[in-house]
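Asker: coords below, sequence missing:
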């Protein structure tokens, strides 16, 4: 009998050890998530997307270690709308976060769960270091939105007293720097701005080191290269291509520091890194604006505004040095991350889809999205087919550059208008030729899709259109 009891005890202990080991492995397999989100970077600002007159070896290395996505979209080419879409996985038309919210702006309503809040359910440590810009009220700042740690600005770095166009307006709202929900710099000045990229980077690297034993979500939304441009002394004049080149080289350094920290702390192989921008360049600022080969730029729904360079890296999961021309969007990040972390989606409606088969390069993988809507401000302007080939513009006005300015001053736009148009992005990525008459079935289908989206999410705009 004693032999039986002893044997049973040994089996019980062994079984408990197996269960504990399995649980430990399960925790270890929760992937870390790092999102580096630039502000107003042009599609061609970094190698290997463009051939700039300065070197960006760290972004190039990230692409060599992961996959370069050439057709990646944001749903709106304006700061707050783009960020809210990334964090919530929802269309701007659903969240009603349009344009760029200023000081004390409401931002993303708490009823829409964001990535950090979702991952907290799976015991992730969460940190955001950079420009938040999706809410500047107690209930919508990072500390109330699922982030354990935070540091940076609540909105754009040009919303301050030194704004070149409207300093009097912005002077009423001192630009503040926060750390963990406490104001540590009550009035950000020209003496502070050169340190922003360095501060965000140092916080990100420290966060990785402190949480290498935990699953973590690290969000680094840089303030740069949004104007006004500032750079630290270590990169001042280094590019030989002016202040913008120096700023972009410092951002490249930041990417390298984060990538190095993942390697140094032994968590690289279990980490998904996504690098992209909230929209295209703000071209009215001339030599302080980035570059895009596509039509128009920030503040428009042409591809120069809503197509951003994107790199995704996950060793062993995403083929190193690969290139993809398959379309996907920021709204797909939340559901894709939910899939990887094995955590339930938010209870609120989510518009993104799990596109991990596309990101990981599974053979014959296709995008499950039927379409991607795009908008500008609170105006819905059209749709892109889920496969990324077709883009339909509803009639809408847009701004086009007349004369750029230089050295931090804003240039001039004029108002133009595009009529109902269909573009074949695979053969005409620059949106030059309306092919609606050549492809009537495609046109009819996308037009109906756009009208249905208009009716569901922008009913007032739809009524005005019918008058």
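Answerer: Nice, thanks for sending it over. Here the structure is a predicted model, which is why all the values come from computation and not from measurement.
Asker: can I assume residue 254 is in contact with residue 203?
Answerer: No: contact criterion Cβ atoms under 8 Å: residue 254 and residue 203 do not qualify, at 10.9 Å. Glycine gets a C-beta too; all of them are placed from N, C-alpha and C.
Asker: Comparing those two, which shows the higher neighbour count?
Answerer: The neighbour comparison of residue 254 against residue 203 (other Cβ atoms under 10 Å) goes to residue 254, with 25 against 21.
Asker: Double-check that that one belongs to a helix.
Answerer: Yes: remark: residue 254 belongs to a helix, assigned using DSSP: H, G, I helix; E, B strand; the rest coil.
Asker: From residue 395, how far out is it?
Answerer: Distance of residue 254 to residue 395, given as Cβ to Cβ, to the nearest Å: 41 Å.
Asker: again, but for residue 420
Answerer: Distance, residue 420 to residue 395, by Cβ to Cβ: 5 Å.
Asker: Show me which of those two is the more surrounded one.
Answerer: Using other Cβ under 10 Å as the criterion, residue 420 and residue 395 rank with residue 420 on top: 15 against 12.
Asker: just checking, that one touches residue 394?
Answerer: Yes: counting by Cβ under 8 Å, residue 420 does reach residue 394; the two are 6.3 Å apart.
Asker: Contact partners for residue 125?
Answerer: Residues near residue 125 by Cβ atoms under 8 Å, 6 or more residues apart in numbering: 148-149, 207, 211, 214-217.
Asker: let's see it at 6 Å
Answerer: 148, 211, 214, 216 (Cβ atoms under 6 Å, 6 or more residues apart in numbering).
Asker: Look up the pLDDT of it for me, please.
Answerer: Note on residue 125: pLDDT of 98.
Asker: Could you do residue 164 as well?
Answerer: The per-residue pLDDT reported for residue 164 equals 89.
Asker: pLDDT score for the residue nearest to it when sequence neighbours are not counted?
Answerer: In this structure, residue 164 finds its nearest non-sequential neighbour in residue 409, 5.4 Å apart by Cβ to Cβ, 6 or more residues apart in numbering. We have a pLDDT of 96 for residue 409.
Asker: Make sure I have this right: residue 409 is in a helix.
Answerer: No: secondary structure of residue 409 (three-state DSSP): coil, not part of a helix.
Asker: What number of residues are in the vicinity of it?
Answerer: 14.
Asker: With the one 5 residues further on instead?
Answerer: Under the neighbour criterion other Cβ under 10 Å, residue 414 is assigned a count of 9.
Asker: do the one 3 residues further on as well
Answerer: Burial of residue 417 is recorded as 9 neighbouring residues (other Cβ under 10 Å).
Asker: What ranges does the stretch 301-450 of the chain have for its helices?
Answerer: Per DSSP state H, counting those that start in this stretch, the stretch 301-450 of the chain carries helices over the ranges 303-306, 333-341, 356-359, 440-457.
Asker: Nearest approach to residue 129 belongs to which of those?
Answerer: Among these, helix 333-341 comes nearest to residue 129, with 18.1 Å by Cβ to Cβ.
Asker: Report the buried residues of the closest one.
Answerer: 333-338, 340-341 (16 or more other Cβ atoms under 10 Å).
Asker: Contacts for stretch 215-224, please.
Answerer: Residues outside stretch 215-224 that contact it (Cβ under 6 Å, 6+ apart): 30, 32-39, 116, 119, 124-131, 157, 196-197, 200, 204, 207, 247.
Asker: Look at that stretch and report the distance between its end residues.
Answerer: 28 Å (Cα to Cα, to the nearest Å).
Asker: And stretch 162-176, by the same measure?
Answerer: Taking Cα to Cα, stretch 162-176 runs 14 Å from one end to the other.
Asker: Now it: buried residues?
Answerer: For stretch 162-176, by 16+ other Cβ under 10 Å, it's 162-163, 170, 175-176.
Asker: State the pair within those that is farthest apart.
Answerer: 163 and 176 (15.5 Å).
Asker: mind checking how far residue 145 is from residue 351?
Answerer: To residue 351, residue 145 is 19 Å away according to Cβ to Cβ.
Asker: Let me fix that, I meant to ask about residue 129.
Answerer: 27 Å.
Asker: Going by residue numbers, what spans are strands in the stretch 51-200 of the chain?
Answerer: Along the stretch 51-200 of the chain, the stretches classed as strands by DSSP state E, counting those that start in this stretch are 67-73, 125-131, 149-153, 177-179, 182-185.
Asker: what's the closest of the ones you listed to residue 192?
Answerer: Nearest of the strands of the stretch 51-200 of the chain (Cβ to Cβ): strand 182-185, 6.0 Å.
Asker: re earlier: return the closest of the buried residues of stretch 162-176 with respect to residue 276.
Answerer: Among the buried residues of stretch 162-176, and counting by Cβ to Cβ, the member closest to residue 276 is residue 175, at 25.1 Å.
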